[in-house]
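Engineer: no letters, just coordinates:
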């Protein structure tokens, strides 16, 4: 069992929980016509989020996965993460030992890259839609 979180395109996800959960269930049927290990299928915002996320939590598979030699050199291979990459969502399965760190990192990068965040593993988990800061004072 893993600790699971998801980021998503805010413009396509329903804002109320009931509709969001139906949408989430549809997304996680993984019925899109592509492989699920390459961020090239995702939006620019999700790709940018992914590329920054894998710096700390490298992907287990796909074109950005570390080589066997790089894995052997890792200080803690528990950071390897299983990502399922769709057009509108990226689902991440982490080691439970890293749950707190993964939550903090994934949530902060979701806000930074202007994508939504869903705490899949929590009962009644957080669904976050942030409004992008437009200027400041």
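Structural biologist: Here it is on my side, so go on. The model shown is predicted, which means the values in this text are computed figures rather than measured ones.

Engineer: touching the worst-scoring helix or strand of the chain on mean pLDDT from outside, list them.
Structural biologist: Lowest on mean pLDDT, DSSP states H and E among the helices and strands of the chain sits helix 68-72, with a mean of 87. Identification of contacts with helix 68-72 by Cβ atoms under 8 Å, 6 or more residues apart in numbering yields 77, 80. C-beta coordinates here come from the backbone N, C-alpha and C atoms, glycine included.

Engineer: next one: it to chain centre, how far?
Structural biologist: Centroid separation for helix 68-72 versus its chain: 23 Å, with Cα atoms, centre = their mean, to the nearest Å.

Engineer: quick one: buried residues of the next helix or strand along the chain from it?
Structural biologist: Proceeding N to C from helix 68-72, the next assigned helix or strand is strand 82-85, under DSSP states H and E. Neighbour counts over strand 82-85 (16 or more other Cβ atoms under 10 Å) mark 83-85 as buried.

Engineer: got those residues as CSV, with pLDDT and distance to residue 72 columns?
Structural biologist: Below are these laid out as CSV (pLDDT from 0 to 100; distance: Cβ to Cβ, whole Å):
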residue, pLDDT, distance to residue 72
83, 98, 21
84, 97, 25
85, 97, 25
